[in-house]
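# The following comprises the amino acid sequence and a computationally predicted model.
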Amino acid sequence: MQTIRIYYQCKAGHRLTQDYEVHPDANNKIGFDDIFRMEGEQKIRQYDEGRQGCQCGERFVKVRHLKATSNSNNRKCTASCKNAQSEECDCSCNGANHGIAHKPAQQQPQLLAEEVQG
């Protein structure tokens, strides 16, 4: 199992970030039912959540996933990473803190990598 971070943006410009678990089948294939997150006992598929749209009523027009790149320049993770609006991360957190400010408030995690200085 792996976890991926998906970035959504609606037509009105609102952003949402969610983490999903990926569960490929025995042949390592991934279908609609294999990417989901759990909310208590409820299984929420990424496919359904993406089609559901934003809380403002607009549909999501951009759906992307995190692409962590190497930190070859030894760039420190900062608040700009936590508030990121792009899907590419090239700092020291290697994607752990990237875009988490756009997660729903009840899902805001503690910073996963290092203390982010703003």
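Cool, got the structure.
# Quickly list the domain ranges of the protein.
For the chain, the structural domains run 1-65, 67-118, going by automatic domain parsing.
# Can I get these in JSON lines including mean neighbour count?
To be clear about C-beta, it is placed using only N, CA and C from the backbone, and glycine gets the same treatment. Listed next are the domains of the chain as JSON lines, based on neighbours: other CB atoms under 10 Å:
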{"stretch": "domain 1-65", "mean neighbour count": "14"}
{"stretch": "domain 67-118", "mean neighbour count": "15"}
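# need the least confident one among those, by mean pLDDT.
With a mean of 71, domain 67-118 has the lowest mean pLDDT of the domains of the chain.
# Helices of the chain, start to end?
46-52, 79-82 (DSSP state H).
# I'd like those as a markdown table, with distance to N94 appended.
Converted to a markdown table, these look like this (distance: least, CB to CB, whole Å):
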| stretch | distance to N94 |
| --- | --- |
| helix 46-52 | 22 |
| helix 79-82 | 10 |
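# of those helices, which approaches K29 most closely?
Evaluated over the helices of the chain, closeness to K29 peaks at helix 46-52, with 14.9 Å, by CB to CB.
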